[in-house]
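Participant: Curious how this folds, go ahead:
(2 chains)
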Amino acid sequence: MTIQATDFGLAVAAIIFAAGLVGLLVRRNMLFMLLCTEIMLNAAGFAFIVAGASWASAQGQVMFIFLLAVAAAEVAVGLALVVFLFGKGKSLELDSIVSGEER
Amino acid sequence: MNPALLVSGLIAVAATILVIVQRNAVHALLYLIVSLFALAVSMLILGASFAAALEIVVYAGAILVLFVFVVMMVGAASSTFKPSAWILPALLGAALLAELVYVSLGRPAGQAGGAASVAPKAVGMALFGPYLLGSEIAAFLLLSGLVGAFRLARRDEPPSAEAGKEQSR
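Facilitator: Take a look at the predicted model:
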């Protein structure tokens, strides 16, 4: 068992990113899709941290802070959009939102 | 490699997979909080203590609370919320807590793990040194996110031509 910490961390980040991507593609609920976007962003940030720790460099954490700002702005706009859509159609299921607009 | 990193990484993967298979949004949020805490513990073990603190404060503390607010607002949480839903997240969280205590007790002070740790001072010097332009742009991004969220979430439209058209219809 000689797994390097960097390899293991990158593998964890890749699996979490893939789980978020699968959730984004499979779930049809707006709230869950937003949640899965957060998971994917978080996985990318963790990959930055692992890479930064691998070289004992602060730049990985700097990139993580930038990603945090992106995630915060994205979730603010996304959740406002969720509340807006719920006020219009009383549903968060994407299929019913789309079919409701076609009518 | 540190075995504590193995445990926290596996907890993070398991909790994330449990997030996307939940039917109830509140359950998914519980598992996502566990996943974020597990990733924070991993970052602590990797030596990124500042990022670990930010992960808890900003992600689990601010973004997830925002999610909980919206879930309560749109009523996505079912009224038949059973307390047994807390068992598995609580078990995963207890495993994380035990690991955190083990890691912090078993190491000398100032060193979270075997990896070389990067002090918050180094992060701050990089953030406001070579990456100053990036910090400014991130600040403007947050401001634009605030303005966009305010515009989208405003309930009562001001009286305008469009609103009058809506009423006459």
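Participant: Spatially central residue in chain B, please.
Facilitator: Compute the mean C-alpha point of chain B, and by C-alpha atoms, centre = their mean the closest residue is B:Tyr59, 2.3 Å away.
Participant: Quickly find the element holding the residue nearest to it when sequence neighbours are not counted.
Facilitator: Nearest non-adjacent residue to B:Tyr59, counting by C-beta to C-beta, 6 or more residues apart in numbering or on different chains: B:Leu36, 4.9 Å away. Placement of C-beta: from N, CA and C, glycine included. Taking DSSP states H and E as the definition, B:Leu36 sits inside helix B:25-46.
Participant: now for that helix, which elements pack on it?
Facilitator: helix A:5-26, helix A:30-54, helix B:3-20, helix B:49-54, helix B:64-74, helix B:87-106 (3 or more C-beta pairs under 8 Å, 6 or more residues apart in numbering or on different chains; DSSP states H and E).
Participant: hey, which helix or strand in chain B has the poorest pLDDT?
Facilitator: helix B:161-168 (a mean of 49; mean pLDDT, DSSP states H and E).
Participant: contacting residues for residue 30?
Facilitator: No chain specified, so I'll use chain A. Applying C-beta atoms under 8 Å, 6 or more residues apart in numbering or on different chains to A:Met30 gives the contacts A:Leu81, A:Val82, A:Leu85, A:Leu92, A:Glu93, A:Leu94, A:Ile97.
Participant: ah, I was thinking of chain B
Facilitator: Taking C-beta under 8 Å, 6+ apart, one finds B:Ala85, B:Trp86, B:Pro89 in contact with B:Leu30.
Participant: Could you turn the buried ones of these into a PyMOL selection?
Facilitator: Entered in PyMOL, the line below selects the buried ones among the contacts of B:Leu30, by 16 or more other C-beta atoms under 10 Å in any protein chain shown:
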select buried, chain B and resi 89
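Participant: Looking at the contacts of B:Leu30, which one is closest to B:Ala40?
Facilitator: Checking the contacts of B:Leu30 against B:Ala40 by C-beta to C-beta gives B:Pro89 as the nearest, at 15.3 Å.
Participant: wouldn't that closest one be in contact with B:Leu29 here?
Facilitator: No. Look at B:Pro89 against B:Leu29 with C-beta atoms under 8 Å: they stay out of range, at 9.7 Å.
Participant: Specify the residue ranges that define each domain of chain B.
Facilitator: Per automatic domain parsing, the structural domains of chain B span B:1-117, B:119-156.
Participant: Most neighbours of all the contacts of A:Met30, which one?
Facilitator: A:Val82 (25 neighbours; other C-beta atoms under 10 Å in any protein chain shown).
Participant: could you measure that residue against chain B, distance?
Facilitator: Per C-beta to the nearest C-beta, to the nearest Å, A:Val82 is found 6 Å from chain B.
Participant: If I look at that residue, what pLDDT would I see?
Facilitator: Model confidence at A:Val82, given as pLDDT, is 88.
Participant: Surely it and A:Glu93 touch.
Facilitator: No. With contact defined as C-beta under 8 Å, A:Val82 does not reach A:Glu93; the gap is 11.9 Å.
Participant: By residue count, which helix of chain A is the longest?
Facilitator: helix A:59-89 (DSSP state H).
Participant: which secondary structure elements does it contact?
Facilitator: By 3+ C-beta pairs under 8 Å, 6+ apart, helix A:59-89 packs against helix A:30-54, helix A:94-102, helix B:49-54, helix B:64-74, helix B:120-127, helix B:132-153.
Participant: what's the angle from that helix to helix B:132-153?
Facilitator: Angle, helix A:59-89 to helix B:132-153, by axes from the mean of the first three to the mean of the last three C-alpha atoms, to 10 degrees: 10 degrees.
Participant: angle of helix A:59-89 against helix A:30-54?
Facilitator: Going by the same axes, to 10 degrees, helix A:59-89 makes 180 degrees with helix A:30-54.
Participant: Tell me the buried residues in helix A:59-89?
Facilitator: So, applying 16+ other C-beta under 10 Å, buried residues of helix A:59-89: A:59-86.
Participant: Would you confirm that the residue nearest to the centre of chain B contacts A:Ala71?
Facilitator: Yes. Under the criterion of C-beta under 8 Å, B:Tyr59 makes contact with A:Ala71 at 7.4 Å.
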